[in-house]
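Asker: build me a structure from this.
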Amino acid sequence: MNPDAIPPPNPIHGMDPGRWAKVVMEAASLAKLDLKVWQIDRVMQPAMAGPGEPPPLAGYIVMACTTTEYPRVGLRWGWIEIQPDALAVVDLTAVRTNILLHDAPYKPAPASALTLQLARIVHGLPWQTLVLREIQRHDLRHKPPRFLRKRSPAEPSGGGSTGET
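Answerer: Below is the predicted model:
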């Protein structure tokens, strides 16, 4: 696979920032990221439905950005509709990212510090509004699961490696 190629989106699982080129950042830089919607997917959760009930709407969202300092940074997490027009993160400890957090140059931060920082970022993003808008736009309560939306942030000149690490 060409290391500069962007992998095609998987309509069920979406693009996985955990497989993008790793980016080393300090916590202060995380708060400055201007993350935008990259992709929203909807999936079925039939095991979560009660007898005779339709399965809840659920899926994944990928939010990403590019900067002059970082070629491509992204977060991916699962969401589920817990009641009409109310969404929740499925598991804040399962946010996928290509970020490696450092406390200081060349000193990796503990994984728990990254989990905490990612939870803060996710809670500060308007992702629920964006997902609900796509659900309403496509009338997804009455249609089978499908890929909803993809927006690719501009690639920096020279591209960035997206190979697995």
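Asker: so where is this protein shaky, pLDDT-wise?
Answerer: 1-14, 44-49, 141-165 (pLDDT under 70).
Asker: quick one, strands of it?
Answerer: 23-26, 36-43, 58-65, 73-83, 86-89, 96-97, 99-104, 107-108, 147-150 (DSSP state E).
Asker: the lengthiest helix in the chain vs strand 73-83, what angle?
Answerer: As assigned by DSSP state H, the longest helix anywhere in the chain is helix 111-124. Here the directions of helix 111-124 and strand 73-83 differ by 60 degrees (axes from the mean of the first three to the mean of the last three C-alpha atoms, to 10 degrees).
Asker: mind checking how far the residue nearest to residue 103 when sequence neighbours are not counted is from residue 116?
Answerer: Spatial nearest neighbour of residue 103, chain neighbours left out: residue 109 (4.7 Å); criterion: C-beta to C-beta, 6 or more residues apart in numbering. Glycine gets a C-beta too; all of them are placed from N, C-alpha and C. Separation of residue 109 from residue 116 (C-beta to C-beta, to the nearest Å): 10 Å.
Asker: over to residue 83?
Answerer: 27 Å.
Asker: what does residue 90 give?
Answerer: Computed as C-beta to C-beta, the residue 90 to residue 116 distance reads 18 Å.
Asker: likewise for residue 62?
Answerer: 21 Å.
Asker: which one's more surrounded, the two?
Answerer: Neighbours per residue (other C-beta atoms under 10 Å) separate residue 62 from residue 116, with residue 62 holding more: 22 against 16.
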